[in-house]
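**Student:** got a sequence here, can you build the structure:
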Amino acid sequence: MRARTKAIPGALLLCLLLLSLSEPGCRCGSVEESEAQRANAQALPDIFPTNTGETAQVLAARIPGDVDAALFVSSVAALVQMMDRVKRWRLMDPEQLEGIFKDLEAHHGINPGNAQSYRSNGFSLVDGLAFGKLGGGWFAIVKVEDQSRFESFLDKFINEEYGRPRVHEEVHEGVTFSTIYVLRKDLVTVAYVDGFAYLVAGDRLIKGSPPSPQTLERLLALEPSNALSNRASFKAVFEHMGSAGPILFYGPGEALQGLLEGMLASDESAEKEGDKKKEKPKADDHDTLKQLTGLLTELQGVGVAVQASEEELSLRTFVVVSEESLATLRLATTPGVDDPKALLELVPADISGLGRLTFAPEVLEQQVISLLYGENGAKAWEDIKGKLSVRFLMNFEDDVLYNLSGQALIGLFSVEESALKGAAENVDVIQGLRGAVFLPFKDATKADSYFSKVNAVSSLLPKGQVEIEDREGVMVVTIKNQRKAVLRLAYAHGVLGACVGKDTVAAVIERLRKGPQQPTPPYVSKELLGSGPVWGVSLDMSEVVAVLSARLEVVKLQINRFLAPLRSTSLVLLLSPSGLDVNLSIYMTPVQEEE
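**Tutor:** Have a look, this model is predicted:
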């Protein structure tokens, strides 16, 4: 029997529940499945915590503040409810999943997506759960309703997965530690305190773990003042994210810094020793790691909340940074003119994706050039700006660059058919994009003057490389490479549009001529068109699915099966008073139930 369940990762509650998060259900849309879901819903309590804000604080008071990472679940009932919703998306083959979960229930005594199964095994359905890593040791804290049933579940699970173990019991400060050994290595140590089961993984379960009794002792010796619930960065995450969903992850800043520093040290070691068995890190990759490690010195903590409704999967990330770093970000991303409503006039209705960036031109220019090119790059950029200006006639910096409003709107129209024929046609998808970037100016009069002067000196521009024409009152500049148009710039009424792809310029001209405002596509996130600093994108996933399906025909069926439920997705970055929000929303089409 054990051979059949070897594919199941781990042997304990932590792995079992995390596995259940990815379980999208079986026989979605069938009458049998609908009846099973209704029965599962009836087995749930009438009232239970659905947000981690209702239970995470209690659990965080039992976890040391120097934890490496922590994951909170508001309640078992909320977890089951979320899985019932996700089942309708049918992301995986129902038959395969059915086999996995029947095998789990038959041989391990629990079905991760069934409320009654948890209750029968001694779990409390209305209390929270916590998982984490402390000093290299992995742990779980679970509220149990019936300790005897819970112990029977653990005994059956461990016996089925590992065979009959040896159990050693020891009393620490009045609490019994039950350490389970397999092949002379500790698998897990369990203790019960105040109705909570503390479970700590040993080396036999997770290779490289410290002795599990040692980690458990650290958990139970916690002084209240040193608890995670009192840590400033956790408080900030909890206050900001506590109502965002039933699952909340917290990671302290130093843990992420340590991860990157370890990667950096590994790269440097490989480079010094000239290890031929391992490919040496590329200089660019190494420099990127260094920059990221430097940036993370200001990172204090990260929180990620997970929520699922009938049609949406939401991952909301909150990054806690120092006030100084937050002020720098705000300075670089706050637009000179904050007018999202004016941007709506530029949005074409027939687009597949919409992006928005806000920025302060002067500040962002300095930071980007410095980050990408250093001192030499800054000098080269000054030379380029000089060429775009003519002394006493045109001033590129003041009339164009620093005259930008600090709002950029990016529209993706489609991908050309030629780019959808697959890699065998040697057509780059990027070259096949049809899109445009709209850049409004703060002072339209200044911009009008600059582009009028450019038009006046058009005869001095390189022949065959730059062409200027007037189309319905819109100035269109075509930049060519080997007689082929690679970029078109369209300007009118204080707005510059940069276009790529066939026929895109016609749509841009229509918007620049101030045609009737068109309805915003329904998939566009409201956050994307809000006020204040915003970076983000919203996509109609049908275009993405078409590109992937066409270019990866070997796995076309698998891609279609997985991506078919996807309708749209949005990724938006926002600055809040205490940190950075990174919000990912994926909208799905649920499979309809049969009556």
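**Student:** got the buried residues for stretch 452-462?
**Tutor:** Neighbour-count burial for stretch 452-462, with 16 or more other Cβ atoms under 10 Å as criterion, is recorded at residue 454. Every residue, glycine included, has its C-beta placed from N, CA and C.
**Student:** return the distance of it from the chain's centre.
**Tutor:** Computed by Cα atoms, centre = their mean, to the nearest Å, the separation of stretch 452-462 from the middle of its chain amounts to 46 Å.
**Student:** which parts of the stretch 451-595 of the chain are strands?
**Tutor:** Ranges of strands in the stretch 451-595 of the chain, per DSSP state E, counting those that start in this stretch, are 466-471, 474-481, 484-492, 495-500, 534-540, 566-576, 579-588.
**Student:** pLDDT of the last one, averaged?
**Tutor:** Strand 579-588 shows a mean pLDDT of 90 in the predicted model.
**Student:** likewise the fourth one?
**Tutor:** Across strand 495-500, the average pLDDT comes to 90.
**Student:** and of the strands of the stretch 451-595 of the chain, who's closest to residue 448?
**Tutor:** strand 484-492 (8.6 Å; Cβ to Cβ).
**Student:** and the residue nearest to residue 523 when sequence neighbours are not counted, how many neighbours does it have?
**Tutor:** The spatial neighbour of residue 523 that comes closest, neighbours along the chain excluded (Cβ to Cβ, 6 or more residues apart in numbering), is residue 568 at 3.5 Å. If you count neighbours by other Cβ atoms under 10 Å, residue 568 ends up with 22.
**Student:** all helices of the stretch 301-450 of the chain, in order?
**Tutor:** Taking DSSP state H, counting those that start in this stretch, the helices of the stretch 301-450 of the chain run over residues 323-333, 340-344, 361-387, 396-399, 444-456.
**Student:** would you list those helices in TSV and tack on distance to residue 533 and mean pLDDT?
**Tutor:** Listed next are these as TSV, based on distance: least, Cβ to Cβ, whole Å; pLDDT from 0 to 100:
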stretch	distance to residue 533	mean pLDDT
helix 323-333	4	86
helix 340-344	12	78
helix 361-387	11	69
helix 396-399	23	81
helix 444-456	23	88
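**Student:** now distance to residue 527 too, for those helices, in JSON lines please.
**Tutor:** JSON lines is the format used below for these (distance: least, Cβ to Cβ, whole Å):
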{"stretch": "helix 323-333", "distance to residue 527": "14"}
{"stretch": "helix 340-344", "distance to residue 527": "11"}
{"stretch": "helix 361-387", "distance to residue 527": "21"}
{"stretch": "helix 396-399", "distance to residue 527": "33"}
{"stretch": "helix 444-456", "distance to residue 527": "28"}
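**Student:** hmm, back to that, contact partners for the residue nearest to residue 523?
**Tutor:** Neighbouring residues of residue 568 by Cβ atoms under 8 Å, 6 or more residues apart in numbering: 523, 538, 539, 540, 541, 586, 587.
**Student:** out of those residues, grab the one that's most surrounded.
**Tutor:** residue 538 (28 neighbours).
**Student:** confidence score at it?
**Tutor:** pLDDT, the model's per-residue confidence, is 94 for residue 538.
**Student:** what's the answer for residue 157, then?
**Tutor:** Looking at residue 157, the pLDDT reads 86.
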